Structure formats: C-alpha cells, structure tokens
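Enquirer: Could you work out the structure for the sequence below:
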Amino acid sequence: MWVECGMIGQFVDRLFLKPAEVIDEVNTWTKLHTNGVIEHILSHDSIETIRGSTLILANAVYFKNAWSEKFDAKLTKYNYFKLLDGTSVKVPFMTSHKDQYLRGYDGFQVLRLPYVEDQRQFSMYIYLSNDKDGLPTIYWAMLILLRLCKFGLG
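Expert: So this is what the prediction gives:
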C-alpha cells in the first residue's frame, strides 16, 4: 500500500487509538484490490496485537486452478486429523487412487499435486513428516546456505 509521507504519523496514531478502524480500512483496501476475492486479510481478533504495532505488513496470494487429476467428490470422507497437542478434529479428506508424484527424504516425504497446464506449469507441494511432530525436521532439511561467486556475463 502506498502512503503519502504526511499521512504516516496520522496512521500510526490510529494503530494505537483505533485498531478496529485500521483493520476495517486494510480489509476494505484488500477487498477492492483483489476484486472481492480476498475480503479479510486482518482479523478483529488481532486488535491487541495491532495496538502494539507501528507497522502492518500484509501479504496475500490468490491462485485458482484445477488439479490435472481431479479428486472424485464421492470419495471425500470424514476422518480424524490429529493436532500437535494430541487432540483430534473430524474433517473431510479428499481421496485419490491414482498414481501420485511422491519422493522420500530423510524424515519426510514430498507429494506433488500438479495443476492443469496452460502456458505455465504450477504444482502444489505437500510436505509430509514421518513423525507426528516432525515439522522442525522438515524445516531444517529445507534450509540451505547459498554462496555463489560474483560473476558477470558478456
């Protein structure tokens, strides 16, 4: 969001004094600039967090496409999904009996679900830990330090 320099002080004061108003303004701006696709990027549950902030950075990406291999809606079944705290919630699970792109790594697997191709190719990658609390394993396995010597072309 571009803001004129003269407005910054006024906006920061409103963060502290009227955070609900700021949330509504950011959500209105988001809805307008996403053509109504994303209506709420900030929640009124975050009023206290916003009150203690001097800057709000919000980022949203909207992507809509069809899977290249569609899930059969008739195969969607409710089952239990285990949360990190050990409790479970009942949620709908999509099911597919088709061949999948799956690759195994030390401690986790990666499932690739491709979307229908047009001029570009997109896929969703789902990282599946072998352990119920294995998210840190996946995180550390994905971290890399890239060092590349500086060079020029031409």
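
Enquirer: packing partners for the top helix by length along the chain?
Expert: Criterion DSSP state H: the longest helix present in the chain is helix 19-33. Contacts defined by 3 or more Cβ pairs under 8 Å, 6 or more residues apart in numbering; DSSP states H and E place helix 19-33 against helix 8-17, helix 47-51. C-beta: built from backbone N, CA, C; applies to glycine.

Enquirer: Which one of the ones you listed has the poorest average confidence?
Expert: Of all the helices and strands packed on helix 19-33, the minimum mean pLDDT falls on helix 8-17 (a mean of 54).

Enquirer: For the closest residue to residue 103 other than its chain neighbours, give me its contacts.
Expert: Ranked by Cβ to Cβ, 6 or more residues apart in numbering and with sequence neighbours excluded, the top spatial neighbour of residue 103 is residue 110, at 5.1 Å. Neighbour list for residue 110: 102, 103, 125, 126, 127, 128 [criterion: Cβ atoms under 8 Å, 6 or more residues apart in numbering].

Enquirer: if you set the cut-off to 10 Å instead, what comes out?
Expert: Applying Cβ atoms under 10 Å, 6 or more residues apart in numbering, we find residue 110 in contact with 101, 102, 103, 104, 125, 126, 127, 128, 138, 142.

Enquirer: gap between the first one and residue 113?
Expert: It stands for residue 101. Using Cβ to Cβ, to the nearest Å, residue 101 is found at 8 Å from residue 113.

Enquirer: so where is the chain shaky, pLDDT-wise?
Expert: Scanning the chain for pLDDT under 70 picks out 1-16, 54, 154.

Enquirer: can we see that at 50?
Expert: 1-10 (pLDDT under 50).

Enquirer: mind listing the strands for it?
Expert: Taking DSSP state E to define them, one finds strands in the chain at 77-82, 88-93, 101-105, 108-114, 123-129.
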